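> Pasting the sequence and the predicted model now:
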Number of protein chains: 2
Amino acid sequence: MKNMAVVVMGCGGVGRQLLHHIVSCRSLHAQQKLHLRVVGVCDSKSLIVASDVFTMELDDTFLVEVCRVKSTGSSLLTLSNSGQHKVFSNPEAMRKIIDIATLLGRSTGLAFVDCSASSETIGVLKKVVDLSCCVVMANKKPLTSSMEDYEKLLAYPRRVRHESTVGAGLPVIVSLNRILLSGDPIHRIVGSLSGTLGYVMSEVEDGKPFSQVVKSAKSLGYTEPDPRDDLSGMDVARKALIIARLLGRRIDLDSIKVESLFPVEMGPNMMPVEAFLENGLPLLDKGVQERVEKASSNGNVLRYVCLIEESRYEVGIQELPKNSPLGRLRGSDNVLEISSRCYNQQPLVIQGAGAGNDTTAAGVLADILDIQDLFP
Amino acid sequence: MKNMAVVVMGCGGVGRQLLHHIVSCRSLHAQQKLHLRVVGVCDSKSLIVASDVFTMELDDTFLVEVCRVKSTGSSLLTLSNSGQHKVFSNPEAMRKIIDIATLLGRSTGLAFVDCSASSETIGVLKKVVDLSCCVVMANKKPLTSSMEDYEKLLAYPRRVRHESTVGAGLPVIVSLNRILLSGDPIHRIVGSLSGTLGYVMSEVEDGKPFSQVVKSAKSLGYTEPDPRDDLSGMDVARKALIIARLLGRRIDLDSIKVESLFPVEMGPNMMPVEAFLENGLPLLDKGVQERVEKASSNGNVLRYVCLIEESRYEVGIQELPKNSPLGRLRGSDNVLEISSRCYNQQPLVIQGAGAGNDTTAAGVLADILDIQDLFP
């Protein structure tokens, strides 16, 4: 039985779903002669760690309890010490994480799994990679920081996995890596990588007013609490940057041309979210409607896409043929088209649900299992 | 620099393309601190092996020469011994292969790469897996033999890769494995997994006679020399079996319901290929045309698909909505739709070129690189 020690960072929706997946896959993984030993769980303020990280673990009953506590919005600090585990709060928690990495990284192996959405994990992740630990990320922030951070994080690329940073569990990163390593040069990548913006663009195509579509998307839970976080395009830009860097481009977030779906004067610093929804958004309806109609008169549709070519990095609205993989896209599915030497006449197309805690956490879990050969 | 010893079995189109890819990716792989050391190459009758498999290799100039010789249809035996390499013919070649596996399997690591299309490699592959070697296959035969063979071959699943057995280089197997290992149950798989039959079905949809379409496909080089090898559906059935076994089904090739596109009395044992093309095929035109028209009157199209559900394994013609990923398929692209808990409202769709030596060999090369962590 191979024993993989894991520390889960972040107890939001994805982190909790990952813990549930780990628990419910116990017998499946035992068939593969594999045991995922969760030695630590942390949130932004605190860390719970097994009393002896060499031999003990946070057991399944306790992991389910951690999920319950976190789902009520409480801190991990509300869980008290026991013979099985200890609770640490910052800054002691941070020091303790490095201690565990030092103890296990070079001996039994240890994977840090970043399910947070925070920039604050970058420092820790760079350190643990240096200590021979593996890193699995659903968090886009560490990979979209400076090139200096990126290169430190990827100093040992085999130890790092991040499928769920683009298209949730869709096999995007693994496919790109396979193509790149087999020496098949990628000429062009175009995709719809935001379920939210995919939904918005296909609804306005049906003639619904932009403001109404955004409000429906918000009430359906498709958007962030402030829909401008989606409409700004910055989330898609981060995904574009992750792909571009994977292709070997040494660029930063500001190298990507990003089209925001609202003007600067309606930005988060200029008006509160309620004012944006009630007074700002409706002012944008006419402009969107005109663009939709113009595209339609050309037999085309509008899609919010990510486009990567030789030296072109763009995220924004494009007019596309109705009868193309992107043009046919409906609802919140993601799609990615990859053109290369092997996929030249027709692109390689990967399409499916690209959001949701279940599929995102499944992608993270697949990444963890994928690094098992690095564990002794 | 990690040094991966490799023996390439089979010097047909895929094997030669793989050797070319290995040679042309030298600097790319050096950047990844990786060197693929080809210690042996064999065809059905003979083996060429480096004089000292611990320290030497068949160098790039020699590999290119091997490809040249084999592309002219000559045997490896026409290459003579040198200080760098030795040539063995059967049965000595077989013993020598086991010797190399015994020497390198448990020490430096060794991958056997089966690019043949022969059942004769099964015995060797089972032995070398037992000797701690890795196996990468483009060859479907070893995986579609008896369950006993299959289980021996897959006794150490991490040491075995076979992406290019289904959909050439398309990321089918890797995606299925990721879904399965993350505990996401797969309910249904449906796909078009033959470029040849994909081409045939989309051409007859346009009203062309079946016999004419098959002859064009043959002259375009899309079919085997005897097109009945494609039209029998057995190649698709083997792919269906590989997928079903990956899903954990302990079934054999005869568990799969296969629809042949020609009747038994036109089989290879009943008439030669020329008679089939000239006299047999045209008799099938009317039947195919009627099915196409009936489907069309329902707004549907016919596709030759592979379907795997709970306890349903079928390969044959299905009537499908024109406006579905399979219905929209044109030409020789492959497509696979995977439905699971995570991909339930819409399937995960993977689509692209699913045939050709270039993409098949690229898939094999990606598999080789994927097992690098198993090498010391």
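Done, it's in. Numbers count the residues shown, from 1 in each chain, chains lettered A, B, ... in the order given.
> Which stretches in the stretch 201-350 of chain A count as helices?
Secondary structure of the stretch 201-350 of chain A (DSSP state H, counting those that start in this stretch): helices at A:210-219, A:228-231, A:234-246, A:273-275, A:285-297, A:325-328.
> As TSV, those helices with mean neighbour count, distance to residue B:315 and mean pLDDT would be great.
Every residue, glycine included, has its C-beta placed from N, CA and C. Formatted as TSV, the helices of the stretch 201-350 of chain A follow (neighbours: other C-beta atoms under 10 Å in any protein chain shown; distance: least, C-beta to C-beta, whole Å; pLDDT from 0 to 100):
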stretch	mean neighbour count	distance to residue B:315	mean pLDDT
helix A:210-219	19	41	94
helix A:228-231	22	43	94
helix A:234-246	22	36	97
helix A:273-275	12	54	95
helix A:285-297	14	41	96
helix A:325-328	21	26	91
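> export the ones you listed to a markdown table and tack on distance to residue A:305?
Shown next, in a markdown table, are the helices of the stretch 201-350 of chain A (distance: least, C-beta to C-beta, whole Å):
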| stretch | distance to residue A:305 |
| --- | --- |
| helix A:210-219 | 17 |
| helix A:228-231 | 15 |
| helix A:234-246 | 8 |
| helix A:273-275 | 26 |
| helix A:285-297 | 13 |
| helix A:325-328 | 6 |
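> same for whatever helix or strand residue A:39 lives in, what does it pack against?
In this structure, residue A:39 is located in strand A:34-42 according to DSSP states H and E. With contacts taken as 3 or more C-beta pairs under 8 Å, 6 or more residues apart in numbering or on different chains; DSSP states H and E, strand A:34-42 sits against strand A:2-9, helix A:13-24, strand A:46-50, helix A:60-71, helix A:92-104.
> who touches that strand?
Outside of strand A:34-42, the residues that reach it under the criterion C-beta atoms under 8 Å, 6 or more residues apart in numbering or on different chains are A:1-11, A:15, A:19, A:22, A:29, A:47-50, A:53, A:56-58, A:63, A:66, A:76, A:93, A:97, A:100, A:104, A:110, A:368-369, A:372.
> Same question for stretch A:231-248.
Outside stretch A:231-248, the residues within contact range by C-beta under 8 Å, 6+ apart are A:140-141, A:143-144, A:150, A:162, A:165-167, A:172-173, A:176-177, A:180, A:186, A:189, A:193-194, A:197, A:200, A:214, A:229, A:251-253, A:255-256, A:258-262, A:304, A:306, A:308, A:313-316.
> now those: which count as buried?
The neighbour count (16 or more other C-beta atoms under 10 Å in any protein chain shown) marks A:140-141, A:143-144, A:150, A:162, A:165-167, A:172-173, A:176-177, A:180, A:186, A:189, A:193-194, A:197, A:200, A:214, A:256, A:258, A:261-262, A:304, A:306, A:308, A:313-316 as buried among the contacts of stretch A:231-248.
> And for residue A:62, the neighbour number?
Counted with other C-beta atoms under 10 Å in any protein chain shown, residues neighbouring residue A:62 total 18.
> ok, now which ones touch it?
Residues in contact with residue A:62 (C-beta under 8 Å, 6+ apart) are A:84-85.
> Tell me the spacing between it and residue A:110.
Plainly put, residue A:62 is 19 Å away from residue A:110 if you go by C-beta to C-beta, to the nearest Å.
> do residue A:155 as well
Plainly put, residue A:155 is 17 Å away from residue A:110 if you go by C-beta to C-beta.
> got it, and residue A:21?
Between residue A:21 and residue A:110 the distance is 19 Å, computed by C-beta to C-beta.
> so does stretch A:209-227 get close to chain B?
No: applying C-beta under 8 Å from any C-beta of the partner chain, one finds stretch A:209-227 out of contact with chain B, separated by at least 13.5 Å.
> got the end-to-end distance for that stretch?
The first and last residues of stretch A:209-227 sit 16 Å apart, counting by C-alpha to C-alpha, to the nearest Å.
> How about stretch A:246-256?
Using C-alpha to C-alpha, the end-to-end distance of stretch A:246-256 comes to 15 Å.
> Could you name whichever residue is most remote from the centre of chain A?
When distances are taken from the C-alpha mean of chain A, residue A:297 lies farthest, 36.3 Å away, according to C-alpha atoms, centre = their mean.
> before we move on, back to that, can you pick out the residue with more neighbours from residue A:155 and residue A:110?
Neighbours around residue A:155 and residue A:110, counted as other C-beta under 10 Å, are more numerous at residue A:110. The numbers are 27 against 12.
> for that one, what are its contacts?
A:5-7, A:39, A:100-101, A:104, A:128, A:133-134.
> what would the residues you listed look like in TSV with neighbour count, pLDDT and distance to residue A:224?
Formatted as TSV, those follow (neighbours: other C-beta atoms under 10 Å in any protein chain shown; pLDDT from 0 to 100; distance: C-beta to C-beta, whole Å):
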residue	neighbour count	pLDDT	distance to residue A:224
A:5	26	98	33
A:6	23	98	28
A:7	26	98	27
A:39	25	98	32
A:100	22	97	33
A:101	22	98	32
A:104	21	98	36
A:128	25	98	29
A:133	24	98	31
A:134	27	98	30
